[in-house]
Structure formats: structure tokens, C-alpha cells
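In: The following block contains a protein sequence and its predicted model.
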Amino acid sequence: MDTRTNECYLQPLARSAPVDQSTSAESIFQNIASSFDPYSPSRRTLQNKLGVRAFRARWKNASIERKTLAAYGLAAREPSTHPASSNPSQSQHPLPYAALPEVCSNRETSPCGSLYEYDRLPHVESSIRLIRIQPGSFSDPLACSLEIADLYDTSTPYEAFSYAWGDATTKVCIECNGRDLWVTRSLRDALCRVRLEGCARIVWADAISINQDDIEERGHQVSLMRRIYQRAKRVLIWLGDDTSRDAISAFSTVCILINANGLHPSTTASFKKSLSGETVIPSNLELLSTQTWKGPLQSLAVLYNLSWFWRLWVVQEIVLASSAVLLWGDAEIEWQWVGLAAAWIRTYEPRLLRQFDLSGVYNAYLMHHLSTERNVEGISFLRLLGLTRQFGVTDPRDRVFALLGIQTADCNLEDSHIFMEPDYALSTAQVYQRFARAVLRKERSLRILSAVQHRPKIDTNFPSWVPQWNDVFSHALSPSEPGPNHSAAAGLPMEEIQGDEDCPDILSLKGIQFDTVTKSTDIVSPQSFQAYSQSETAHFAVFAFLEALWEFLGSPLDCDSWKTLCWTLTAGKDWYGMLAEDLHGHWAGFKDFVFHFSFPSRPGPARRYRKSGPRGEERHKSDSDPEDTDDAYGTKSDGFLEAASNACVGRKLFITSKGHLGLGPGALEEGDVVCILFGGIVPFILRRSDDGSWLLVGECYIRGFMQGEVVTEWRDGKLSSYVFRLH
């Protein structure tokens, strides 16, 4: 971009599709400009909503108004107002596009006849393999060679690949050092995409650069990945072929969102302040959810839901990159733009996440935040594990190994201080158990036990106190870091009772038993909080959840009980996962949600609770409460709904023998006990076994017992402490 002339230059791609060379840039731009009437109301409205200044896009010796080019990309996704072409092969896009040709695709027979064999790396601590992609035209077969390099030798610059492996069972053959090497189709396509015509290109890609059949080498190379990605001059993010033809529209929409709201990747620091509530960035894009923006936002959904955004390894790769570019088919864009757009959507347009299935935005937002922090200051490694549990891995051991290259508040990698070394000779169970022990020893805290989540039937073949990082279905009840937190054990340090050396599956802890579960609800489903949906089925699910909740609670609630319910449904947290500090807004969101779905015309418990609630008297005085209308609904409840969904889904509400309402794990049963374990930040649900040992069922939330109240009673002699042998 030339800021002096407000012109952006369209550079030729490293590998462009074969096009008719007689077609000039000027004729292509003329085709775009004439493809629709710029003075028609719909087109003029579309251009005005782009919110960008009078930039011009320049290609070769031709130029075009950037608004026109962007509007064309957006309009291409709208239903055509012109008669369909009689020629089915005639493209509506004059810009060149082509998928990878068959000559650069799967070769069913071996072209060379012998398989490539890896040589051992000479220096475990610093040797890596670099891929030299041989130059070739678009239709030439792919050929490359592997060269051993020293990671600390800066004389050989290289680029590092970040990509989703795809289907590992379907592989294609490429030529490597004159022999056959079988790789995933995704990696083959990525190498073809970046190949240059006039010279070789040197890259690093894990599936080729690491001998995947050598377990020992895999572990050593994983431990070097931090430096591999830090040293790379650029990270190439391969999203795959643009089979849906959404790349241009999606990338254009990303730029429009950023430009229209006065943002730029270079202003990340100031944007981070806005995420903390220090500033407000209003949306200049009115009516984002209207029909005009439906197409562009759908293309964004395709982008953010691509498999790359759901692969755990890419988190480390993007955090460590000094520069990164996304390649999607023939289109490309800098990572900072895509990450910043995700942060803006997540922060200021959360409804779009649900309306357009932009679930991948959460992952992009997290990666954007981590990549701007660099050392993830203030976030522990354990918290990082929790934040990334929705990402996918092929090998469950990589839940831990894939994040070891990221420096966190408690993991100083410059001093080689990590919780464990990657070792693929260990089983998944051994990796998880050793990691749990390492965290317990280092932190002297039971924070890791908050990550324990079981299916309704607990697997007794595995220690119940060891988190199964490959099986996630609920957010942690403990608040996000950094920030205020619960302190159920009043800061008492963990007291692990020694003597279990011969029984590594046993963890003996000191704690206080203070209550027992007497009844519980069914497991809360995701549909219970889809109040924002326009679907009648979704609304019925919300009604059904509230009706079941009223029946479970029994008699009408007083004002304090209503507030207990409000805080229990969210575990006391806001939609960001932090402890709720805006108490008035939290309470208002709860009332907006509950009373909107408890119509006076409905018989039974809903009507009874509506009258007994904190606004009951107001409603008898006036039936035209403006806060009660459908138009007002959603302005207050959005944040509460997300916070409640994060806390409740996959869990059960329960009542104890002392009459306390709580939120606990989906595996809890009547008769389970509620305990405070020394070193814990939340209460825990335990279940006694026949042999006298205990199962850790999971963490729980009970309002009024989250800040050391039970410990105070214990110190006053009203409660006793015990040793719980967890297995």
C-alpha cells in the first residue's frame, strides 16, 4: 500500500493459474466495472457500506477504484439480478482462478521406483531438515530435495509451513532426492502452491522435515519447534484449495471490517486496551446482519471454520511467527488482518458468531491474542491447556506436547524450564499422569484438578484425578487468568500425604467434607440457552429447560434465592470467563432472560415464578414494561446467555442436604459429598469407593462457599478435616 497515493498494488502470485496472456489488466478491470450499474440503488448502497476511503487498486498499468473492486467481490455472492448465462462454462468472475492441475496431483504409481530413506540427524540439539522445492511451472511434476542444516546457522534463510494435515490415510507420491516420498495431499498442494518458476524455494514442513517413523527423533524435533518457527523469516499458512470460491470475498470482508472501524494491524496495542474495556470502538458498519451483508459474512464463516483454525499445533506456530501470511487457493492475506477481524467480531458483534456459525472465530481470536502477547504474560501453562481444549489433534499426547514451545507465566523456556520433555515412547495415560504430577509439584496448588471432567460413567481404569486432555466438553468453572479468582480453601496450601510411591495412581490430599448431594437435574444441553435463535424448536428447548428448573427448585424463590440462581447459572463469571464485576448488568441480563421466557399466559411453574420474582410487583402494576418487550430482549441478556451456556452445558444443577444450590459435573450422583481440598480454589465433588478410597467426580460452584467460608468453620472447630485417597 502506498499511503501517499492511496494506491494498493496487486502483485502477481508466486504460482499463478495459466491465463490468456492476451487479456490485459485494463480489460479485466473494465469487465469488473461494467458488470454492474454503479448507480443502481442496491450497488450504490453496497459501495457506501464498505466504509473505505478512496483507494485505488493498481495492477500492471491499469487501476480501479478499490470500492468498486471490493463491492464486486461482495456482490458476487448475492443472488444474480441478471439472466443466467446460456453457457454453463462461462464464469461470473473475470479474475483468473484454477485448482491444482492433475499433473501436480496424486500419482498412483511410483515414478522413481524406490522409496526415500531418512538419514539420521548428526546433532540432536540443533540439526533440522530443510526442503528445497525445485523450480517449476504450473504444470510440472513436483520435485524437492532434503538438506540437513544447523538451526543456529543463520546463513540459510527459510520459511516454515503451518497447515492442517488432512486425511493421513490418503497420501500422494512426490519426488524427493530422486526417490519416492509419500505425503498427505494437503502438504503436496501446499508445496505446489508456493513453488517458484525461476528459482528454488527453501521451506520447513513437519511431515517431511521430521522422520515420523523415528519416535526418538520426533520427540527431539518437537522440542526444537520453538526455535524453528522463531528463526523462520516467515510462516506460510496453507488453508487449502479455494474449492468454495469464498477466498476473495472473505479476505475482502476482513479488510472492510478493519478499515471501516479505524483499525489496523499496527494498532494492535491500542486495540488490546479496548478488549479490556478501556476504550470503545463503535461499529461503523450498520446493519451487519442484514441481507446485504449475508453473503460476505457467510464467506467469513467458511474462512474461520476451515480445519486450520481447529488444529492445536498451529497455535504454537502462529504465536512464534515473526511474520505470517495465509494462503487460500490463489488468494493471500497477512495473518494480522484475519486475527484482528476475529478479535473485533468476538468483542463487538458476538451475535454474528451464532447467526452465521462463526465458531472458528473464537480460535482465531485466541491465537490473535496470544500472538500479540508473545510470552503470554499472565497466563499459566495450565490455563493455556484449558483455553485450547477445543482444538483438534491426531495424537492425544500432543495436547501437552504441542504447547510446550509457548512461553507462559510459569514456563521460562529461555532457561529450559518446562514441565516435561516430549517423549513419544510414553503412552497417553503416562503423559497425562506425569504432567499432572509435575504441575502439582511445581505449583503446590490443586488448580489442575479443576480440569478434571468425566463422562456420566466414570472410567475407573484411569486415575480419576488426572485430567483427560483429549476429552473436553465443558468450560472450567474457575475464572480466566489473570484476574480475581475464587479462594474456596482460603489460600491454604496443598497438603499431599506422602507414602504413595508404590501406588502412582493414588493421590492423597487433606480436605474438609461439609455437605452431601441429595438431588440433581439432568445434564444441561446446549439448546437450553439458545434464546437468540429464531427457531421455534430452539425456543421450545429454552422453555422446557426453565420449566424443568422451576420444578426442580420447588417452592417460589425469595429475592436472595433468585440472585443465588443467577450467580449459580454462570458460576459467578461473565461472558469473558472472568469473575463478574458488573453486578448490576449481570443481574439485569438474568432477569431479561428469565422473564422473557416466562410469559404470564403460560400455566404452571413459569407463571408462578414470574409473579414471585424480583420484578413481580412491577408487572402487576403495568403490563407494558418496556424491558419486557421482544424488541428490548437481547440487549441485556446476550452476555448472560453466553456466560450461562459456558458454565452450565455438560453439567448438572444440584441441591445439598443443607439446602444449598450448586452447579457440578455431569457425572455427579445423589450421595456424592462436597469437599474443600487444601490448595483448591473451588469446592470438589467426591464419591466414596467400596475400598475406602475416593473418586474425584469434578469441581463445583456453590454461592457462599467460594471464598473460604468452610475453612473459617473448620478453624472454629465446627468441621473436621480428613485425608482423601483419590484413585
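Out: Sure, I can see it. Residues are numbered from 1 along each chain as shown.
In: got any ranges where the stretch 401-550 of the chain has weak pLDDT?
Out: The model of the stretch 401-550 of the chain has pLDDT under 70 over residues 414-417, 472-473, 481-482, 497-502, 531-535.
In: all strands for it, in order.
Out: 507-520 (DSSP state E, counting those that start in this stretch).
In: Which stretches in it count as helices?
Out: Counting by DSSP state H, counting those that start in this stretch, one finds helices in the stretch 401-550 of the chain at the ranges 428-443, 536-553.
In: could you dump those helices to CSV with distance to M420 and mean neighbour count?
Out: (Glycine included, C-beta is placed from N, CA and C.) Formatted as CSV, the helices of the stretch 401-550 of the chain follow (distance: least, C-beta to C-beta, whole Å; neighbours: other C-beta atoms under 10 Å):
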stretch, distance to M420, mean neighbour count
helix 428-443, 6, 18
helix 536-553, 42, 16
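In: Reformat the ones you listed as JSON lines; add distance to S721.
Out: Shown next, in JSON lines, are those (distance: least, C-beta to C-beta, whole Å):
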{"stretch": "helix 428-443", "distance to S721": "19"}
{"stretch": "helix 536-553", "distance to S721": "32"}
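In: Quick one: closest of the ones you listed to L677.
Out: Each of the helices of the stretch 401-550 of the chain has some distance to L677 by C-beta to C-beta; the shortest is helix 428-443, at 11.7 Å.
In: Return the list of helices and strands in contact with that closest one.
Out: Of the remaining helices and strands, those touching helix 428-443 by 3 or more C-beta pairs under 8 Å, 6 or more residues apart in numbering; DSSP states H and E are helix 381-387, helix 398-401.
In: Comparing those helices, which yields the minimum mean pLDDT?
Out: Looking at these, the lowest mean pLDDT belongs to helix 381-387 (a mean of 88).
In: Residues touching that one, excluding its own?
Out: 366, 370, 376, 379, 399-400, 403, 406, 408, 410-411, 419, 439, 443, 447-448, 451, 469, 476, 480-481 (C-beta atoms under 8 Å, 6 or more residues apart in numbering).
In: at 6 Å instead, please
Out: Defining contact as C-beta atoms under 6 Å, 6 or more residues apart in numbering, one finds that helix 381-387 is touched by L403, T408, D410, C411, R447, I448, A451, A476, E481.
In: same thing with stretch 353-370?
Out: 289, 297, 301, 304-305, 309, 315, 318-319, 339, 342-343, 345-346, 352, 376, 532.
In: my guess is V203 contacts E159, does it?
Out: Yes. Counting by C-beta atoms under 6 Å, V203 does reach E159; the two are 5.0 Å apart.
In: what's L366 sitting at in phi/psi?
Out: phi -60, psi -50 (degrees, to the nearest 10).
In: what about it, neighbour count?
Out: Other residues within reach of L366, judged by other C-beta atoms under 10 Å, total 21.
In: swap in F138?
Out: 16.
In: D522 now?
Out: D522 is flanked by 11 other residues according to other C-beta under 10 Å.
In: do the same with L146
Out: 17.
In: ok, K652 to F590 distance?
Out: Per C-beta to C-beta, to the nearest Å, K652 is found 19 Å from F590.
In: What of L565?
Out: Distance, L565 to F590, using C-beta to C-beta: 8 Å.
In: more crowded one of those two?
Out: Between L565 and F590, counting by other C-beta under 10 Å, F590 is the more crowded of the two (24 against 18).
In: Three-state assignment for the closest residue to that one other than its chain neighbours, please.
Out: Leaving aside its chain neighbours, F590 sits nearest to C566 (4.0 Å; criterion: C-beta to C-beta, 6 or more residues apart in numbering). Three-state call for C566 (DSSP: H, G, I helix; E, B strand; the rest coil): helix.
In: circling back to that earlier point, out of the helices and strands packed on helix 428-443, the one nearest T428 is which?
Out: The closest of those to T428 is helix 398-401. By C-beta to C-beta, the value is 8.6 Å.
In: Hmm, the residue nearest to F590 is touching G589, no?
Out: No. When contacts are counted by C-beta under 6 Å, C566 is not listed as touching G589 (8.6 Å).
In: Those two: who's more crowded?
Out: G589 (27 against 24).
In: Check which helices and strands the helix or strand where the more buried one lies is in contact with.
Out: Element membership for G589 (DSSP states H and E) is helix 583-596. Using 3 or more C-beta pairs under 6 Å, 6 or more residues apart in numbering; DSSP states H and E, the elements in contact with helix 583-596 are helix 637-648.
In: What lies in contact with stretch 698-717?
Out: 450, 452, 477, 486-488, 490, 512, 514, 564, 567-568, 571, 660, 662-665, 676, 682-685, 719.
In: Work out the gap between that stretch and the centre of the chain.
Out: Counting by C-alpha atoms, centre = their mean, to the nearest Å, stretch 698-717 is centred 33 Å from the centre of its parent chain.
In: start to end distance for that stretch?
Out: Counting by C-alpha to C-alpha, to the nearest Å, you get 27 Å between the two ends of stretch 698-717.
In: again, but for stretch 304-318
Out: Start-to-end, stretch 304-318 (C-alpha to C-alpha) is 15 Å.
In: swap in stretch 317-331?
Out: Span of stretch 317-331 from end to end, C-alpha to C-alpha: 21 Å.
In: for it, which positions count as buried?
Out: 317-321, 324-331 (16 or more other C-beta atoms under 10 Å).
In: What of stretch 390-399?
Out: Within stretch 390-399, the residues scored as buried using 16+ other C-beta under 10 Å are F391, V393, P396, R397, D398, R399.
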